[in-house]
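>>> sequence and predicted model, in that order:
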Amino acid sequence: MFSMKMKWLRFADSLLDLENKLGSKELVPLHFNNQNLLLIRHQGKYYLVKNKCPHQGIKLDNAKCENGYIVCPWHHYGFDLNSGRGAGLYLDNFPVEFRQDGVYAGFEYFSWF
């Protein structure tokens, strides 16, 4: 009846474009797909997460990344960058995929078919 599907949307033209967006920063906010997101470069990998702590909605602009976790600057809750799991809550995260024609983010949605 219902199935989960993934919609892939291009949000950068290339790795160089990502690097230019980040500059020397580890994370930068961006608005994409009608959502406030956070682009993260941590230990040589790239992540895209919702820019909102699931605990009380604080923006994660000033968060720090430590040992594969993004740590909320307000409550110091850590969320795994790969799964979003942490402190009994989940931070929405979106897979990042590099393709020949750009960098894509995956957004899950429900389908009737």
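Great, that's in hand.

>>> let me know the secondary structure of Leu16.
In terms of secondary structure, Leu16 is helix; the call rests on DSSP: H, G, I helix; E, B strand; the rest coil.

>>> that one and Cys53, how far apart?
Shown here: Leu16 relative to Cys53, a distance of 31 Å by C-beta to C-beta, to the nearest Å. C-beta here means a position set from N, CA and C on the backbone, and glycine is covered the same way.

>>> the two: who's more crowded?
When Leu16 and Cys53 are compared for neighbours, Cys53 comes out ahead with 23 against 9, by other C-beta atoms under 10 Å.

>>> ok, and the closest non-adjacent residue to the more buried one?
Beyond its immediate neighbours in the sequence, the residue positioned closest to Cys53 (C-beta to C-beta, 6 or more residues apart in numbering) is Cys72, lying 4.5 Å away.

>>> now the one you found: how far from Lys50?
Summarising the geometry, the distance separating Cys72 from Lys50, computed by C-beta to C-beta, is 12 Å.

>>> which one of the two has more residues nearby?
Regarding Cys72 and Lys50, a neighbour count based on other C-beta under 10 Å identifies Cys72 as having more, with 23 against 17.

>>> check contacts around that one.
Cys53, His55, Ile58, Leu60, Ala63, Gly78, Phe79 (C-beta atoms under 8 Å, 6 or more residues apart in numbering).

>>> now, of those, which are buried?
Listed as buried from these are Cys53, His55, Ile58, Leu60, Ala63, Gly78, Phe79; burial here means 16 or more other C-beta atoms under 10 Å.

>>> between those residues, which sits nearest Ser3?
Phe79 (26.8 Å; C-beta to C-beta).

>>> next, format the contacts of Cys72 as TSV and append secondary structure.
What follows is the contacts of Cys72, written out as TSV (three-state DSSP):
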residue	secondary structure
Cys53	coil
His55	coil
Ile58	coil
Leu60	coil
Ala63	coil
Gly78	strand
Phe79	strand
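
>>> least trustworthy position among these, going by pLDDT?
Ranked by pLDDT, those bottom out at His55, which scores 89.
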